[in-house]
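Engineer: Sequence and computational prediction follow.
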Amino acid sequence: MWKIVENILFSILIIIFLHYLFNYYKNNYSQQKTTDLIKSQTNKYKNMIEEIIKNQQIPLENKNPEEDLTFFLQEQLQLQEEPQE
């Protein structure tokens, strides 16, 4: 009986020792990874805005809402009339 308890305790001590050894090496000999979420999200947002501005097809000179609406409807009708492949 004593031999089983001795083996269990010895195994637990080895596991604890290896665990702390692993953590020591991990903390002292590896580079910490840090992610800058604010800057990356801001850059993604800026890229999206730039892409939207580049791809904008509706002329901004048109200030009349009725003309805007007719222009939009004409575009939609043209899209519907195009054959779908």
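Structural biologist: Nice, I can see it.

Engineer: how near is the residue nearest the centre of the chain to residue 33?
Structural biologist: Nearest to the mean C-alpha position of the chain, counting by Cα atoms, centre = their mean, stands residue 41 at 8.3 Å. Separation of residue 41 from residue 33 (Cβ to Cβ, to the nearest Å): 18 Å. Every residue, glycine included, has its C-beta placed from N, CA and C.

Engineer: Residue 6 sits in which helix or strand?
Structural biologist: Counting by DSSP states H and E, the element that carries residue 6 is helix 2-29.

Engineer: quick one: average confidence on that helix?
Structural biologist: Averaging pLDDT along helix 2-29 yields 96.

Engineer: before we move on, what about stretch 75-85?
Structural biologist: pLDDT averaged over stretch 75-85 gives 74.

Engineer: Same question for stretch 39-53.
Structural biologist: Stretch 39-53 comes out at a mean pLDDT of 86.

Engineer: Figure out how far it is from the centre of its chain.
Structural biologist: 13 Å (Cα atoms, centre = their mean, to the nearest Å).

Engineer: repeat for stretch 64-76
Structural biologist: Worked out by Cα atoms, centre = their mean, stretch 64-76 lies 37 Å from the chain centre.

Engineer: could I get that stretch in PDB with only the CA atoms?
Structural biologist: Extracted C-alpha coordinates of stretch 64-76, given in PDB (Å, rounded to 0.1, in the frame of the first residue of the first chain):
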ATOM      1  CA  ASN A  64     -32.200  67.500 -56.600                       C
ATOM      2  CA  PRO A  65     -33.800  64.500 -54.900                       C
ATOM      3  CA  GLU A  66     -36.200  63.800 -57.700                       C
ATOM      4  CA  GLU A  67     -33.300  63.600 -60.200                       C
ATOM      5  CA  ASP A  68     -31.500  61.300 -57.800                       C
ATOM      6  CA  LEU A  69     -34.500  59.100 -57.600                       C
ATOM      7  CA  THR A  70     -34.900  58.900 -61.400                       C
ATOM      8  CA  PHE A  71     -31.200  58.200 -61.900                       C
ATOM      9  CA  PHE A  72     -31.400  55.400 -59.300                       C
ATOM     10  CA  LEU A  73     -34.500  53.900 -60.900                       C
ATOM     11  CA  GLN A  74     -32.900  54.000 -64.400                       C
ATOM     12  CA  GLU A  75     -29.900  52.200 -63.100                       C
ATOM     13  CA  GLN A  76     -32.000  49.500 -61.500                       C
END
